[in-house]
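Q: sequence? don't have it. structure:
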């Protein structure tokens with residue numbers, strides 16, 4: 001892929017904790033966008049993003065990128081990967097030579113695709129992979145030779161699928177065996193070789209009680225794993241899994257929460273904020289948290305409209321928490337009402353990418369995408 005180069009600049013915004021050491025956090029120069037960024041995914045040195053934007057902005061100049069774009073994670077250079085979608089891209093996953101997109105679109109890269117598509121990671125060409133989704137997919141995960149899809153839908157092609165489905169990466173075929181169900185929307189997915197974690201607003205997984213909002217199913221046959229039943233109090237908007245198996249969940253509700261769970265579903269820690277947590281990513285044992293909150297509560301108590309009742313610290317749209325649950329000093333201070341919608345992390349590059357609807361970070365213009373190094 002060709003790229004649009006520019007000088008790489010960096011702005012210090014706080015303390016980024018990687019591998020337990022504190023370094024000056026910087027916002028790396030990267031493309032900015034004229035509309036919301038809903039999802040981001042790393043594939044080697046490339047970051048792919050999807051959203052509702054029409055243009056990427058580099059050095060004050062706009063480049064058409066209709067709801068999909070890619071840039072070099074090391075240099076920040078915008079790549080010429082530009083398979084336009086005709087409506088919002090809400091989820092992206094990348095694997096091998098392919099990028100998978102899900103959202104509200106009916107056409108992508110000039111081809112008809114019903115809200116789910118497979119794209120070449122180098123050229124953006126649309127693959128033959130094509131299915132009819134009866135509803136709205138909003139979450140993707142890749143692993144174990146499968147593409148996992150979550151959302152609010154009732155079927156795929158002629159097969160019944162209730163909010164969850166899987167496809168073979170090799171053939172593109174719907175997996176006939178993997179068919180767990182939920183009684184309400186799935187908003188987040190996370191893959192491990194042992195489990196696929198589900199997050200959302202559902203109360204039952206496979207019609208089993210006590211499997212509400214955050215559950216786990218087998219990655220091969222989709223059977224419910226009854227050894228993980230944390231039962232969070234509010235809708236789960238995002239899920240991530242650390243190298244040690246710790247499960248991290250972003251939650252809404254009265255204010256918002258980020259919580260860490262053992263593989264057995266026991267709470268390791270909970271942090272409370274004055275607004276919803278919409279994104280979680282893990283890097284070097286640190287949980288990076290994004291949302292539309294403005295303050296992190298000093299206690300696990302909050303009151304009317306989520307306001308912290310036991311004191312608070314300023315953490316505008318972004319925060320970080322260590323493995324013990326301690327709130328870290330990292331405070332880039334983004335802005336906006338919705339704030340951060342997505343976070344992605346790369347252990348190899350020691351980076352965290354944030355996307356959303358913010359337009360500044362640390363008081364400096366940074367429209368809807370920021371890469372922290």
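A: On my side now, so go ahead. Remember, it's a predicted structure, so these values are computed and weren't measured experimentally.
Q: pLDDT weak spots in this protein?
A: For the chain, the stretches with pLDDT under 70 are 1-25.
Q: list the contacts for residue 263?
A: 227, 228, 245, 246, 247 (CB atoms under 8 Å, 6 or more residues apart in numbering). Where you see a C-beta, it was placed from the backbone N, CA and C, and this is true even at glycine.
Q: list buried residues within those residues.
A: By neighbour count, with 16 or more other CB atoms under 10 Å, those hold 228, 246, 247 as buried.
Q: would you list the contacts of residue 263 in TSV and tack on distance to residue 139?
A: Formatted as TSV, the contacts of residue 263 follow (distance: CB to CB, whole Å):
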residue	distance to residue 139
227	22
228	18
245	21
246	20
247	15
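Q: ok, the residues you listed vs residue 260, which is closest?
A: Distance to residue 260 across the contacts of residue 263 (CB to CB) is lowest for residue 246, with 5.3 Å.
Q: who are the contact partners of that closest one?
A: Applying CB under 8 Å, 6+ apart to residue 246 gives the contacts 260, 261, 262, 263, 268, 282, 323.
Q: re earlier: in strands, which of the buried ones among the contacts of residue 263 fall?
A: residue 247 (DSSP state E).
Q: closest to residue 319 out of the buried ones among the contacts of residue 263?
A: Checking the buried ones among the contacts of residue 263 against residue 319 with CB to CB, the nearest one is residue 246 at 17.1 Å.
Q: how much space between the closest one and residue 352?
A: Distance of residue 246 to residue 352, given as CB to CB, to the nearest Å: 17 Å.
Q: buried stuff in stretch 161-175?
A: Those would be 161, 162, 163, 164, 165, 166, 167, 169, 174, 175, for stretch 161-175 by 16+ other CB under 10 Å.
Q: which one of those residues is nearest to residue 96?
A: residue 169 (7.7 Å).
Q: give me the nearest residue to that closest one, chain neighbours excluded.
A: Sequence neighbours aside, residue 145 is the residue nearest to residue 169 in space, at 5.3 Å (criterion: CB to CB, 6 or more residues apart in numbering).
Q: so the one you found touches residue 167, yeah?
A: No: contact between residue 145 and residue 167 fails when scored by CB atoms under 8 Å: they sit 9.9 Å apart.
Q: beta partners of the nearest residue to residue 247 once chain neighbours are set aside?
A: Of all residues not flanking residue 247 in the chain, residue 261 sits nearest, at 4.5 Å (CB to CB, 6+ apart). On the basis of DSSP bridges, residue 261 is bridged to residue 247, residue 267.
Q: tabulate the buried residues of stretch 161-175 (JSON lines), appending distance to residue 96.
A: Converted to JSON lines, these look like this (distance: CB to CB, whole Å):
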{"residue": "161", "distance to residue 96": "24"}
{"residue": "162", "distance to residue 96": "29"}
{"residue": "163", "distance to residue 96": "26"}
{"residue": "164", "distance to residue 96": "23"}
{"residue": "165", "distance to residue 96": "20"}
{"residue": "166", "distance to residue 96": "17"}
{"residue": "167", "distance to residue 96": "14"}
{"residue": "169", "distance to residue 96": "8"}
{"residue": "174", "distance to residue 96": "20"}
{"residue": "175", "distance to residue 96": "18"}
